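**Student:** following is a predicted model, sequence given first.
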Amino acid sequence: MGNKVALVTGGLGGIGSEISRKLSSNGYTVVATTFNKEIEKSDEWIVAQKKAGYDFLVEEADVTSFEACGEMVKRVEDTVGPVEILVNCAGITRDGFLKNMDESNWDAVLSTNLDGVFNMTKSVLDFMLSRQSGRIINISSVNGQRGQFGQTNYSAAKAGMHGFTMALAQEVARKGITVNSVSPGYIATNMVMAIDEEIRNDLVSQIPMQRMGKPTEIANTVGFLASDQADYITGANIPVNGGLFTSF
Ligand code: CAA
């Protein structure tokens, strides 16, 4: 393992695992985080990754808890090393029409996908500021850019991540810290495969490239933003969506 630390929330997930692998291949010590309900799966995940040649550390923290995030980041800084890269990748869906949406499904998505970004970023920021160096990469979504039928909660949270990214990028630009977001389209992970097959096929038929994306295609973009090659990029959003939503 290298001694530069990358922290990846949701690091055991479909996209998060590939981001963890990419950053590990690029020489980072990767701490993948997960929350309490998933922690029992982490041993299995670590073993599987080890077989594939990757060494990861796993930390538990519920991103909806500011206190838990703060404690976990401090633990990592104290016991592993300085966090140079934070990838906010923890995210959930609770899809449904707004007219049928319980308050709990709104709250769960906003607190995980958006409050989680605040809780984690705020926890690493003082450390990064004290070193005048850092990379924050937020994994948003095409559906935060264009809105998606059945996802008022998710689209609102993911759009909120863009606002957060653009505002924070300006606050810390002079402090050697860049803040960017990546907006995946429909990527072949369990989250997307859980969509009803007929609806999913219809969604894929709307993608100009006529296929879902691969988790590695997101990880490659994150790897680029984390690298020296992206030194002058901040406050940006990089869409990786097969042409599903185009803008400038
Ligand atoms: N635009 C307009 N109308 C639509 C529509 C759309 N995109 N999609 C469905 N409708 C219409 C249907 O035609 C149907 O109309 P009728 O009643 O007149 O026949 C009506 O809305 C009901 O649609 P469903 O049968 O789909 O309703 P449902 O209750 O079974 O399902 C839903 C609702 C759960 C929201 C379902 O539509 C769904 O899963 N949609 C996909 C949501 C989605 O894309 N989620 C992404 C998850 S992955 C992710 O989020 C990762 C990422 O970042 C991309």
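**Tutor:** Cool, the structure landed. The structure presented is a predicted model; accordingly, all values stated were derived computationally and were not measured. Numbering: from 1, shown residues only.
**Student:** C-alpha only now, for contacts and for neighbours.
**Tutor:** Fine.
**Student:** which residues of this structure lie near the ligand?
**Tutor:** Residues of the chain that fall close to the ligand, judged by CA under 6 Å from any ligand atom: Asp95, Gly96, Phe97, Ser141, Asn143, Phe149, Gly150, Gly185, Tyr186, Met191, Val192, Ile195.
**Student:** dump the residue contacts of the first one.
**Tutor:** With contacts taken as CA atoms under 8 Å, 6 or more residues apart in numbering, Asp95 has the following neighbours: Gly150, Gln151, Asn153, Tyr154.
**Student:** picking that back up, of the residues of the chain next to the ligand - the most surrounded one?
**Tutor:** If you count neighbours using other CA atoms under 10 Å, the busiest of the residues of the chain next to the ligand is Ser141, which has 27 neighbours.
**Student:** nearest residue to that one in space, please, no chain neighbours.
**Tutor:** Ser183 (4.1 Å; CA to CA, 6 or more residues apart in numbering).
**Student:** check what pLDDT the one you found gets.
**Tutor:** Per-residue confidence at Ser183 stands at 98 (pLDDT).
**Student:** any weak-confidence spans in this protein?
**Tutor:** For the chain, residues meeting the criterion pLDDT under 70 lie at 1-2.
**Student:** after the longest helix belonging to it, next one along is what?
**Tutor:** In the chain, assigned by DSSP state H, the helix with the most residues is helix 152-172. Heading C-terminal from helix 152-172, the first helix or strand you meet, by DSSP states H and E, is strand 177-184.
**Student:** for the residue nearest to the spatial centre of the chain, which residues are in contact?
**Tutor:** A centroid search over the chain (CA atoms, centre = their mean) returns Cys89, at 1.7 Å, as the residue closest to the centre. Taking CA under 8 Å, 6+ apart, we find Cys89 in contact with Val8, Thr9, Gly10, Gly11, Ile15, Gly16, Asn138, Ile139, Ser140.
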